[in-house]
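Q: Provide a 3D model corresponding to the input given below.
(one chain, ligands or ions: 1)
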Amino acid sequence: MSQTTPIKRPSVLGGAMIIAGTAVGAGMFSIPIVTSGVWFSGSTLMLVYTWFCMFMSGLMLLEANLNYPVGSSFHTMVKSLLGNIWNSINGLSVAFVLYILTYAYISAGGSIISHTLTSVLDINQTMAGLLFAILVAFIVWLSTKAVDRINTILIGGMVITFVFSVSDMFAQVQPEILFNRSESNAEYLPYALAAFPYLLASFGYHGNIPGLAKYYHQDAKSVVHSLLIGTLIALVIYLLWQYVIQGNIPRAGFKQVIAEGGNIGNLLAQLDNGVVTPLVKQLLNAFSYMALASSFLGVSLGLLDYIADFFKFEDTSAGRTKSALVTFVPPTVAALLFPDGFLYAIGFAGLAATIWAVIVPAMLARASRKKFPQATYHAPGGNFMVYFVILFGLINIVAHVASTLNLLPVYK
Ligand SMILES: N[C@@H](Cc1ccccc1)C(=O)O
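A: Below you'll find the predicted structure:
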């Protein structure tokens, strides 16, 4: 008797963890700093708006992806739906984001390692960044499987340290600080626009969508659910993070963080003067390492695969060594020369990600509806949502260009 065995699909939660693991990373540490101008209430609205648009653009990418063979990359979709010019723009913006994030992770990694080790070991930030980069490069060079295993451990550790540290700090939050009651006539709104690209970068995960569609055997519903849950986990983590940080460190304290360069170590140092107990500080440090390392592993693995594909390097240990050198040497050298560019890097990552994680997905959905009218999955909201998402992208570009040209007020 012949029997068709139903395809066993992995649980929605697994995909949600992949998405949350990519999204929650270096961007998160920039959020309280870059929103110190608009502060807590305003940034809550901005986070929800950004989450919504980044979730929608993910669904649009999925819509296009499902019309192509399993696992088709950005390259295949953009080339077929938008042509060669867009394909080049898209490819460049992907490579740029991956490179600049790799730099940001090395810079930030150096900053927290040297911050936590100052009392026991006199190691400067540049050396610490170098060690961090070498360790991650080694794991990525080993194999995708090694990255997968270590990431699972890291995400487990992140959940534990985040829950313990945040639940303790939760109780310490002071409404006077959180709502900035001591400052009368404070201005918030003028500082809002400049923060957007950092929030956008923090919700970036879109490179994972083709892989996720493959993981769920092209079942739209499972992918949609895991995107929804994964991005909501990121949103909840960011809101809690904002709540405990901006409810414990007074708004004026951020002027010092920004003056010191705005790296993670500077932010964590502000908690030394506060009410946070030494144990909670250690937990937060541990959380920061793990959040950084897990994104660093994921992003640099993506970059290594991209480079291997671009230069046609083989998947042998010699080929992987070449890919690893092209992946890690330029950002490591940049981090040695400019150890404190963390915030700039996240802002530029947000700008470039606007292209491939916001505008291109919206354009792909529009083009794919014309080319494949019989498609079964459609992202919600029709053409209105396509333009809504494109508008969000344009706001981010204007925000970044204007703030780079010093046209926007800066809280410092
Ligand atoms: N969201 C990631 C950065 C990222 C952006 C775009 C794609 C992938 C990752 C972070 O905050 O660290």
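
Q: need the residues of the stretch 51-200 of the chain near the ligand, please.
A: V97, L101 (Cβ under 6 Å from any ligand atom). Every C-beta, even on glycine, is put in place using the N, C-alpha and C of the backbone.

Q: can you show me the helices along the stretch 51-200 of the chain?
A: In the stretch 51-200 of the chain, the helices defined using DSSP state H, counting those that start in this stretch lie at 74-82, 84-117, 125-142, 144-172, 175-178, 192-202.

Q: for the ones you listed, which one ends up most surrounded?
A: With neighbours taken as mean count of other Cβ atoms under 10 Å, the helices of the stretch 51-200 of the chain reach their highest mean count in helix 192-202, at a mean of 26.

Q: what angle sits between that helix and helix 84-117?
A: Orientation check (axes from the mean of the first three to the mean of the last three Cα atoms, to 10 degrees): helix 192-202 against helix 84-117 gives 90 degrees.

Q: mind listing residues that contact helix 192-202?
A: Helix 192-202 has contacts (Cβ atoms under 8 Å, 6 or more residues apart in numbering) with 23-25, 27-28, 30-31, 34-35, 37-38, 42-43, 46-47, 50, 54, 234, 238, 343, 346-347, 349-351, 353-354, 357-358, 395-396, 398-400, 402-403, 408-410.

Q: returning to that earlier point: just send the helices of the stretch 51-200 of the chain back as a markdown table, with mean pLDDT too.
A: Below are these laid out as a markdown table (pLDDT from 0 to 100):
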| stretch | mean pLDDT |
| --- | --- |
| helix 74-82 | 93 |
| helix 84-117 | 89 |
| helix 125-142 | 85 |
| helix 144-172 | 86 |
| helix 175-178 | 87 |
| helix 192-202 | 95 |
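
Q: now the helix or strand of the chain with the lowest mean pLDDT: how far from the chain's centre is it?
A: Here the helix or strand of the chain ranked lowest by mean pLDDT, DSSP states H and E is helix 264-270, holding a mean of 82. Offset of helix 264-270 from its chain centre (Cα atoms, centre = their mean, to the nearest Å): 19 Å.

Q: give me the contact list for that helix.
A: 29, 32-33, 108, 111-112, 114-115, 125, 245, 249, 253-254, 256-257, 260, 281, 284-285, 288, 292, 342.

Q: just the buried residues from those, in PyMOL please.
A: Listed next is the PyMOL selection for buried residues among these, using 16 or more other Cβ atoms under 10 Å:
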select buried, resi 29+32+33+108+111+112+114+115+125+245+249+253+254+257+281+284+285+288+292+342
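
Q: out of the contacts of helix 264-270, which sit inside helices?
A: In helices, judged by DSSP state H, the following of the contacts of helix 264-270 are found: 29, 32-33, 108, 111-112, 114-115, 125, 245, 253-254, 256-257, 281, 284-285, 288, 292, 342.

Q: so where's the stretch 201-350 of the chain shaky on pLDDT?
A: By pLDDT under 70, the weakly predicted segments of the stretch 201-350 of the chain are 273-275.

Q: go again with 80.
A: Within the stretch 201-350 of the chain, the set of residues satisfying pLDDT under 80 comprises 262, 264, 271-276.

Q: SS state for whichever residue of the stretch 151-300 of the chain sits closest to the ligand?
A: Distances between the stretch 151-300 of the chain and the ligand by Cβ to the nearest ligand atom are smallest at G204, namely 2.3 Å. Taking DSSP: H, G, I helix; E, B strand; the rest coil as the rule, one finds G204 in the coil state.

Q: thought it was touching V358?
A: No - using Cβ atoms under 8 Å, G204 and V358 do not qualify as a contacting pair, with a distance of 9.4 Å.

Q: out of those two, which sits in the busier spot?
A: V358 (32 against 27; other Cβ atoms under 10 Å).

Q: just checking, that one touches V389?
A: Yes - with contact defined as Cβ under 8 Å, V358 and V389 form a contacting pair (6.2 Å).

Q: mind listing the shared neighbours of these two?
A: Counting by Cβ under 8 Å, 6+ apart, the shared contacts of V358 and V389 are C53, S57.

Q: hey, what's in contact with both of G204 and V358?
A: With contacts defined as Cβ under 8 Å, 6+ apart, the residues shared by G204 and V358 are M54.

Q: spit out the contact partners of the residue in the stretch 301-412 of the chain positioned nearest to the ligand.
A: Per Cβ to the nearest ligand atom, A353 is where the stretch 301-412 of the chain lies closest to the ligand, at 4.8 Å. By Cβ under 8 Å, 6+ apart, the contact set of A353 is S93, V97, L200, A201, G204, H206.

Q: phi, psi of it?
A: phi -70, psi -20 (degrees, to the nearest 10).

Q: any idea which helix or strand carries the residue lying closest to K322 once chain neighbours are set aside?
A: The shortest distance from K322 to any non-neighbouring residue, by Cβ to Cβ, 6 or more residues apart in numbering, is to F313 (4.9 Å). Under DSSP states H and E, no helix or strand contains F313.

Q: thought F313 was touching I307?
A: Yes - contact criterion Cβ under 8 Å: F313 and I307 qualify, at 7.0 Å.

Q: what's the overlap in contacts for these two?
A: Common contact partners of F313 and I307 (Cβ under 8 Å, 6+ apart): S323.

Q: show me which residues of the stretch 201-350 of the chain are close to the ligand?
A: So the stretch 201-350 of the chain meets the ligand at A201, S202, G204, Y205, G207, S295, V299, A349 (Cβ under 6 Å from any ligand atom).
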